[in-house]
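Q: Structure, please.
(chains A and B)
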Amino acid sequence: SQKIEQNSEALNIQEGKTATLTCNYTNYSPAYLQWYRQDPGRGPVFLLLIRENEKEKRKERLKVTFDTTLKQSLFHITASQPADSATYLCALDIGTGRRALTFGSGTRLQVQP
Amino acid sequence: GAGVSQSPSNKVTEKGKDVELRCDPISGHTALYWYRQSLGQGLEFLIYFQGNSAPDKSGLPSDRFSAERTGGSVSTLTIQRTQQEDSAVYLCASSFTDPSTDTQYFGPGTRLTVL
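A: Numbering: from 1, shown residues only, chains lettered A, B, ... in the order given. From the prediction side, this is the model:
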């Protein structure tokens, strides 16, 4: 079956370290993949979009990679801060004609001061 | 300008009652989406509107769920004869064009509790 997998266990890291979150998918060939941040009680907020022909994209302390062979995207936050604590969701266009995104269940990141 | 707004922010209802949830998208955004998020779960796609095209209703879980978008702007999600399993946060999002290439802007959600 088609699915998107993100580590359901919370990721706990120390402030200043690099956080790496994983998004794996099966049976899709998405042209794009997006990452969102969600804080408790709020809607997701867009962070980055990466296209299939892009291996890597950066925005300030954020870096996303996209490996279409491994069917995996990695999301990195360098020099992490307690304010980065949130749930991070990956989302992709599953290309079945449905034009809305399909989201993973998210990984909760906790940055300890 | 204003972001996506949703109302009410919280709704508590009794099993069997009908509820209406409202979404005001960002002005000028042609695409509007409804998602549902259960506790600790990811977002579940419900329905997608794009301009004047027929909506993509493929995510609606049952015929108790329906949605309208009037005048290409405001949308209402209606759940008839609510069940306890309908309890979730209902999120609305809008985007300017193609969701695959454009940012989706989410509202704060409506938390629905069915007793």
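
Q: following whichever strand or helix holds A:Tyr88, which helix or strand shows up next?
A: A:Tyr88 is part of strand A:86-92, with elements assigned from DSSP states H and E. Later in the chain than strand A:86-92, the nearest helix or strand by DSSP H and E is strand A:102-103.

Q: residues in contact with the most centrally placed residue in chain B?
A: Nearest to the mean C-alpha position of chain B, by CA atoms, centre = their mean, lies B:Trp34 at 3.1 Å. Contacts for B:Trp34 (CB atoms under 8 Å, 6 or more residues apart in numbering or on different chains) come out as B:23, B:45-48, B:67, B:75, B:77, B:90-92. Backbone N, C-alpha and C define where each C-beta goes, glycine included.

Q: Separate out the buried members of these.
A: B:23, B:45-48, B:67, B:75, B:77, B:90-92 (16 or more other CB atoms under 10 Å in any protein chain shown).

Q: Restrict the contacts of B:Trp34 to those that also contact chain A, please.
A: Contacts with chain A within these, counted by CB under 8 Å from any CB of the partner chain: B:45, B:48, B:91.

Q: Secondary structure and pLDDT for those residues - can I get that in CSV?
A: Shown next, in CSV, are those (DSSP: H, G, I helix; E, B strand; the rest coil; pLDDT from 0 to 100):
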residue, secondary structure, pLDDT
B:Phe45, strand, 90
B:Tyr48, strand, 90
B:Leu91, strand, 97
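
Q: In strands, which of the buried ones among the contacts of B:Trp34 appear?
A: The members of the buried ones among the contacts of B:Trp34 that map onto strands under DSSP state E are B:23, B:45-48, B:67, B:75, B:77, B:90-92.

Q: any idea which of those residues is the one closest to B:Thr113?
A: Using CB to CB, B:Tyr90 is the member of those that lies nearest B:Thr113, at 11.5 Å.
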